[in-house]
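Q: Could you work out the structure for the sequence below:
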Amino acid sequence: MEFRRIITGTSLFLALLLVYAVVAPRAEGADKENCLMCHKYRQIGRIDEQGRKRSYYVNENIYANTTHRNVPCRDCHTYINKLPHDPVTEEVNCANECHIKPPFSKENFSHQKTIDIYKKSVHGIKEEDSAEVREAKPYCKYCHLNPVFTRVEEERIAFDQTLSRCLNCHERRGVTQAYKHITHRLRHKTSRSPQEIVQLCAKNCHADLVLMKDLNVSKESLEAVETYNESIHGKAIGLGSQKAADCVSCHATSAIHDIYKKDEPQSTVNKTSLVKTCSQCHENVNERFIQIDVHSAIEPHEKPFLYTVNMGLSAAFYGSVLGLIGLALLETYGRRKDGIEWQIRRGTSWRGVSKRKQKQK
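A: Model prediction:
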């Protein structure tokens with residue numbers, strides 16, 4: 001009987017193991033040339049000319065769950081023409097055409113349209129840019145890392161606001177079916193939360209004052225992160241809001257990468273476009289509404305009235321809080337002096353009989 005139970009348990013374990021081996025996500029679909037034969041080892045890598053360790057390890061299970069899981073390795077690494085290959089000297093070009101066709105499309109997929117938009121934006125590298133500026137500007141992988149390309153829960157998708165993004169790559173005909181295919185990784189305009197977007201734009205870039213000064217940006221741009229965090233939008237995002245405007249909400253359209261300087265006519269924050277931009281969140285937006293400065297630095301010599309009002313409201317707020325704390329301390333001192341002890345017991349924090357009541361008796 002015991003032997004039969006062991007056999008049954010072993011058979012059940014082997015059956016479950018077989019099912020897992022069949023249904024478990026794997027990367028072989030894209031790894032047609034067996035690149036993981038070498039790159040599956042954790043220690044694979046080399047020391048580069050600067051003395052830094054470069055890891056060439058690819059986690060098969062993580063890769064199999066990213067949006068690039070069906071893309072053959074050499075669709076991106078086109079410069080590899082033999083295996084085993086020579087040392088890699090070229091960077092991946094994200095504009096390469098992939099050997100996969102999106103739903104309802106006759107052409108192979110490519111990021112070329114998005115890259116063309118990016119190149120025209122303020123972040124794109126221009127011919128007149130110096131070496132320092134070229135080095136400082138964000139490239140594709142600065143914002144787009146594999147964790148961003150993992151699947152997003154359906155309840156996080158803002159369906160009404162993502163359809164316009166589909167039209168960046170897909171034709172309108174059949175877009176409903178294509179939309180069902182791609183919305184698993186969309187939320188609002190990106191799969192990042194507003195808090196993550198603000199952190200991404202600030203970290204190592206707009207919040208780096210030394211870098212910003214080296215790039216010779218304007219005083220307003222130099223203070224952009226600080227003034228945003230002090231604004232109603234920044235405070236709401238800091239408190240966890242998922243609806244308040246983040247950096248992308250105002251500075252880009254549904255194309256995401258079309259961020260321009262505010263003086264350029266195609267910019268979403270140009271004075272001629274502000275009514276349309278603010279109307280994404282606010283109702284009854286007019287010329288008077290858009291005069292509100294989102295990145296306003298309230299300085300006494302520049303905006304004395306606003307500075308005075310701001311200081312008055314701050315004094316009223318902190319005065320109220322400190323006043324309540326002071327009253328609580330004063331009452332505590334009076335009760336302790338009157339002989340009442342402070343104890344948390346049976347739903348009350350004060351125990352004992354007042355000395356004044358004892359004298360009255």
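
Q: so for stretch 201-213, what's the average pLDDT?
A: The average pLDDT within stretch 201-213 is 88.

Q: Centre of the chain to it, how far?
A: Offset of stretch 201-213 from its chain centre (CA atoms, centre = their mean, to the nearest Å): 17 Å.

Q: Quick check: buried residues in that stretch?
A: By 16 or more other CB atoms under 10 Å, the buried positions in stretch 201-213 come out as 201-202, 205-207, 212. In short, each C-beta sits where N, CA and C put it, glycine included.

Q: and of those residues, the nearest to residue 254?
A: residue 201 (17.8 Å; CB to CB).

Q: Pull the number of nearby residues for the closest residue to the closest one other than its chain neighbours.
A: Distance criterion CB to CB, 6 or more residues apart in numbering; nearest residue to residue 201, sequence neighbours excluded, is residue 247 at 4.5 Å. Residues near residue 247, counting by other CB atoms under 10 Å, number 21.

Q: residues touching residue 247, list them.
A: With CB atoms under 8 Å, 6 or more residues apart in numbering as the criterion, the residues that contact residue 247 are 197-198, 201, 228.

Q: 7 Å instead?
A: 197-198, 201 (CB atoms under 7 Å, 6 or more residues apart in numbering).

Q: on that earlier part again, which ones among the buried residues of stretch 201-213 are found in strands?
A: If you go by DSSP state E, the buried residues of stretch 201-213 have nothing in strands.

Q: could I get those residues as CSV with distance to residue 306?
A: Output for those, formatted as CSV (distance: CB to CB, whole Å):
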residue, distance to residue 306
201, 26
202, 24
205, 29
206, 24
207, 24
212, 25
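
Q: quick check, nearest of these to residue 86?
A: Taking CB to CB as the measure, residue 86 lies nearest residue 205 of the buried residues of stretch 201-213, at 34.5 Å.

Q: Tell me how far the closest one lies from residue 252.
A: 15 Å (CB to CB, to the nearest Å).

Q: In this structure, what helix or strand scores lowest on average pLDDT?
A: helix 2-23 (a mean of 53; mean pLDDT, DSSP states H and E).

Q: So what's the residue count around residue 194?
A: Burial of residue 194, expressed as a neighbour count using other CB under 10 Å, amounts to 23.

Q: Any regions of the stretch 251-361 of the chain where pLDDT drops low?
A: Scanning the stretch 251-361 of the chain with the threshold set as pLDDT under 70 gives 342-352, 355-361.

Q: That one: helices as residue ranges?
A: 274-278, 304-337, 355-360 (DSSP state H, counting those that start in this stretch).

Q: possible to save those as CSV with mean neighbour count?
A: As requested, the helices of the stretch 251-361 of the chain are exported to CSV (neighbours: other CB atoms under 10 Å):
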stretch, mean neighbour count
helix 274-278, 18
helix 304-337, 11
helix 355-360, 9
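
Q: Would you mind putting those helices into CSV with distance to residue 69 alongside?
A: Converted to CSV, those look like this (distance: least, CB to CB, whole Å):
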stretch, distance to residue 69
helix 274-278, 36
helix 304-337, 52
helix 355-360, 77
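
Q: Can you check which of those gets nearest to residue 72?
A: Here helix 274-278 is closest among the helices of the stretch 251-361 of the chain (CB to CB), at 40.3 Å.

Q: Would you pull up how far the closest one lies from the middle of the chain?
A: 23 Å.

Q: Give me every residue in contact with it, excluding its own residues.
A: By CB under 7 Å, 6+ apart, helix 274-278 touches 250, 268-269, 285, 289-290.

Q: could you give me the average pLDDT of stretch 141-153?
A: Rounded mean pLDDT across stretch 141-153 is 61.

Q: now residue 44: how far from residue 86?
A: According to CB to CB, residue 44 stands 16 Å off from residue 86.

Q: Which one's more surrounded, these two?
A: Neighbour totals were compared for residue 44 and residue 86, and residue 44 leads with 13 against 9 (other CB under 10 Å).

Q: quick one: that one and residue 58 touch, right?
A: No - look at residue 44 against residue 58 with CB atoms under 7 Å: they stay out of range, at 8.9 Å.

Q: Verify the contact between residue 168 and residue 255 for me.
A: Yes - with contact defined as CB under 7 Å, residue 168 counts as touching residue 255 (5.7 Å).

Q: quick one: which of these two has more around it?
A: Comparing residue 168 with residue 255 by other CB under 10 Å, the one with more neighbours is residue 255, at 17 against 14.

Q: Could you list the low-pLDDT ranges of the stretch 51-200 of the chain?
A: 102-105, 145-163, 166-167, 169-191.
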